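Enquirer: here's my sequence, what's the structure:
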Amino acid sequence: MSEMPVTPNEEQPKKNNQGLIIGIVVVVLLCCCCSVVAGGWFFGDSILAAMGM
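Expert: Coordinates of the predicted model:
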């Protein structure tokens, strides 16, 4: 009973950092997708005209 493992307390910050990193990556990917969609929505006509379509 007195020999309680201390490892869960040490592993907790790693899990939080990993979740934070995953969250940042997801936000960056969402921003990239939104910027591509917004760029295509705003400049789609001029891009197609420049390509001669």
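Enquirer: the helices in this structure, which residues?
Expert: Using DSSP state H, the helices of the chain run over residues 7-50.
Enquirer: where does it dip in pLDDT?
Expert: 1-16, 53 (pLDDT under 70).
Enquirer: now for Gly44, how many residues are close by?
Expert: A count of neighbours around Gly44, defined by other Cβ atoms under 10 Å, yields 11. The way it works is simple: take the backbone N, C-alpha and C, and place the C-beta from them, glycine included.
Enquirer: do Val25 as well
Expert: A total of 10 residues lie near Val25 under the criterion other Cβ under 10 Å.
Enquirer: count of neighbours near Val37?
Expert: 11.
Enquirer: repeat that for Cys31.
Expert: The tally of other residues near Cys31 (other Cβ under 10 Å) stands at 10.
Enquirer: now do the one 5 residues further on
Expert: Each residue near Val36 was counted by other Cβ under 10 Å, and the total is 10.
Enquirer: who touches it in this structure?
Expert: Listed by Cβ atoms under 8 Å, 6 or more residues apart in numbering, Val36 has no contact partners.
Enquirer: look up how far Phe43 lies from it.
Expert: Distance, Val36 to Phe43, by Cβ to Cβ, to the nearest Å: 11 Å.
Enquirer: same check on Ile22?
Expert: Distance, Ile22 to Phe43, by Cβ to Cβ: 31 Å.
Enquirer: now Met51
Expert: For Met51, the distance to Phe43 (Cβ to Cβ) stands at 12 Å.
Enquirer: which of those two has more residues huddled nearby?
Expert: Phe43 (11 against 7).
Enquirer: ok, the more buried one - contacts?
Expert: Per Cβ under 8 Å, 6+ apart, neighbours of Phe43: none.
Enquirer: again with the one 3 residues further on
Expert: With contacts defined as Cβ under 8 Å, 6+ apart, Ser46 is in contact with no residue.
Enquirer: measure it to Gly39 for me?
Expert: Distance, Ser46 to Gly39, by Cβ to Cβ: 11 Å.
Enquirer: for Val25, see how far away Val37 is.
Expert: Taking Cβ to Cβ, one finds Val37 at 19 Å from Val25.
Enquirer: same question, Ser35
Expert: 16 Å.
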